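> Need a 3D model of the following:
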Amino acid sequence: MKKVLFFSIIIINFILAINLIYLFFIKKGDYAEYLGIPKGYIEKYEYWDEEGFQDYTDYAKYIYPNKDIVIMSDGFNIVKNEEIKNIKTYFEDFYSSMKQQGRLDQYDFKTEQINEGDWIKTTKVEKGTWSDGGEHFYKYSVYYFDVETLTLYYIHNNI
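Predicted coordinates for the structure are as follows:
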C-alpha cells in the first residue's frame, strides 16, 4: 500500500512539473499562437503580467496587412451598434485593472475606437456580483479587431 501511495505521489509531482515547464516555455515562446491569435500579423506588442500565476491581466495588440486574415478566423463576429455598450464594459473593466496595477503605460486602447463593423471574439467570460448587487466581470478574454487600423487588441483578465 505504501508503494502505491509513494508512486502516486511521484507521478502527480511529475505531471505538475511537466505542466509548469510547459507554461514557462509558452510564456517565453510564442504565446500568441497558444492564445489563438490569428497568424499573419506583421507587428506585435505584448504586455504579459509577469507576476501573475493564477490571477493575471494580459494586454497585446497585433497589426495585420489586411482584415481578411482576422475576419476569416474562427469565432469572430461583426460588431453591431446595439452591442457597443456591452463591449465597452469589458474594456472599462480592463482599464480599471491596469490602472490598479500601475500598468497604464502598457495600455493604449480607447473605448472610442469601438465601432459598428469591427470584429470581436470573446471567450472564458465569467461574471460575478458585488455586495451591492452590481455585476462585474472577473474572468474574460476579448479579441477586438479594429478594421480601420487593422489592429487586433487582445485583453485577458483573470482576477
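> which stretches of this protein form strands?
With DSSP state E as the criterion, the chain has strands at 43-47, 56-63, 77-78, 119-129, 135-146, 151-158.
> Run through the protein and note the low-pLDDT ranges.
Per-residue confidence for the chain (pLDDT under 70) gives these ranges: 1-9, 11-30, 51-55, 125-138, 159.
> let's see it at 50
Applying pLDDT under 50 to the chain flags the ranges 19-20, 22, 24-29.
> Mark out where each domain of it begins and ends.
If you go by automatic domain parsing, the domain ranges for the chain are 1-35, 39-158.
> wait, what's in contact with Glu84?
Actually, residue 84 is Ile rather than Glu. When contacts are counted by C-beta atoms under 8 Å, 6 or more residues apart in numbering, Ile84 touches Ile114, Asn115, Glu116. Every C-beta, even on glycine, is put in place using the N, C-alpha and C of the backbone.
> For the last one, which non-adjacent residue is closest in space?
I take that to be Glu116. Residue nearest to Glu116 in three dimensions, not counting chain neighbours: Asn81, with 4.5 Å by C-beta to C-beta, 6 or more residues apart in numbering.
> before we move on, the earlier item: Ile71: which of the strands of the chain is closest?
Counting by C-beta to C-beta, Ile71 lies closest to strand 119-129 out of those; the figure is 5.2 Å.
> re earlier: so which of the strands of the chain is the most surrounded?
strand 151-158 (a mean of 22; mean count of other C-beta atoms under 10 Å).
> Can you check what angle separates it from strand 56-63?
Angle between the axes of strand 151-158 and strand 56-63 is 170 degrees (criterion: axes from the mean of the first three to the mean of the last three C-alpha atoms, to 10 degrees).
> Walk me through which strands strand 151-158 pairs with, and which way each runs.
With DSSP bridges as the test, strand 151-158 is paired with strand 56-63 (antiparallel), strand 135-146 (antiparallel).
> Identify all contacting residues around it.
Applying C-beta under 8 Å, 6+ apart, the contact partners of strand 151-158 are 35, 37-38, 41, 52, 54-64, 70, 90-91, 93-94, 97, 109, 124, 137-146.
> do stretch 112-128 as well
Stretch 112-128 has contacts (C-beta under 8 Å, 6+ apart) with 67, 70-71, 73, 75-81, 83-84, 87-88, 90-91, 135-149, 156, 158.
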